[in-house]
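# Requesting a structural model of the entry that follows:
(one chain, ligands or ions: 1)
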Amino acid sequence: MKYKKPKIFILESNIKQIIRDNPSKSDYKMDNIIEKIKKIVKIEFDKADIKFHKEPYYYIYHILPAYNISIGLAKRYNANKEIVAISILLHDIGLINLDKGKEHDEAGVKKSKKILKDIGLNDKKIKEILHCIRYHDARDKNPLSIEGKIVCTADALSHIVTPWYIIKGRNSRKNNKDIIKWLSKKLNKDFNRIQFEEIKEEINPIYKNWKIILNGNN
Ligand SMILES: [Fe+2]
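Here you go, the predicted structure:
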């Protein structure tokens with residue numbers, strides 16, 4: 001069966017709510033490096049998805065929405081758009097072929113370092129990007145830079161404001177009870193790693209709705 005690229009129209013209104021105004025065309029006018037990284041990341045995830053789930057989904061349903069959100073946040077918080085864009089594209093690359101017992105943020109740092117060096121990015125930028133990738137999950141420590149906070153927040157928001165939980169649940173091969181339990185935990189973790197209090201407030205109605213759907217009205 002031929003894979004048809006889905007439209008992610010649902011994102012438009014949800015993203016608008018978060019980033020307050022639409023990124024203009026010039027916000028997306030990135031240089032060749034970002035375009036190159038986009039291609040690398042898409043190819044890597046599509047290959048991995050086909051191998052595990054028979055259809056590519058990770059790039060289109062997660063990386064791309066997270067990327068769009070991060071560009072909006074970079075504009076809103078006056079952050080370095082290039083650092084944010086490259087970091088969000090690469091943030092989950094460590095998930096691909098991850099060895100058992102290893103952390104995807106650390107594996108992502110290793111893989112990204114190689115990609116960025118091969119591309120010829122300078123050491124200062126590489127260091128800033130690797131910080132964003134290492135702490136995007138806020139697993140053991142919150143990110144320190146504004147770009148890192150944006151990548152972490154955009155990752156969390158991309159789960160909350162898109163159909164991601166449904167798609168991820170469907171691909172998890174868990175039974176329904178376990179999927180709901182897992183999603184409930186994941187939802188709380190995502191909400192808690194939003195790095196900006198005002199965004200937490202803005203997103204609260206959607207978060208509450210997910211909570212009610214998953215846990216009932218208690
Ligand atoms: Fe992610």
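# mind listing the helices in this protein by residue range?
10-19, 25-28, 32-53, 58, 64-76, 81-90, 104-119, 123-134, 146-160, 164-171, 176-192, 197-215 (DSSP state H).
# In a markdown table, list those helices along with mean pLDDT, mean neighbour count and distance to residue 98.
Bear in mind the C-beta positions are built from the backbone N, C-alpha and C, glycine included. What follows is the helices of the chain, written out as a markdown table (pLDDT from 0 to 100; neighbours: other CB atoms under 10 Å; distance: least, CB to CB, whole Å):
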| stretch | mean pLDDT | mean neighbour count | distance to residue 98 |
| --- | --- | --- | --- |
| helix 10-19 | 52 | 16 | 27 |
| helix 25-28 | 52 | 10 | 30 |
| helix 32-53 | 89 | 16 | 10 |
| helix 58 | 91 | 23 | 13 |
| helix 64-76 | 93 | 23 | 18 |
| helix 81-90 | 96 | 26 | 14 |
| helix 104-119 | 95 | 17 | 5 |
| helix 123-134 | 97 | 19 | 14 |
| helix 146-160 | 97 | 26 | 17 |
| helix 164-171 | 87 | 16 | 16 |
| helix 176-192 | 93 | 15 | 17 |
| helix 197-215 | 92 | 14 | 26 |
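# Quick check: residues of the chain near the ion?
By CB under 5 Å from the ion, the residues of the chain that approach the ion are 92, 155.
# let's see 8 Å
For the chain, the residues in contact with the ion (CB under 8 Å from the ion) are 62-63, 66, 91-92, 136-137, 155, 158-159.
# Who are the contact partners of residue 184?
211, 214-215 (CB atoms under 8 Å, 6 or more residues apart in numbering).
# Ok, which of the helices of the chain comes nearest residue 97?
Residue 97 lies closest to helix 32-53 among those, at 7.3 Å (CB to CB).
# what does that closest one contact?
55-59, 63, 82, 85-86, 89-90, 93, 95-97, 115, 119, 121, 171.
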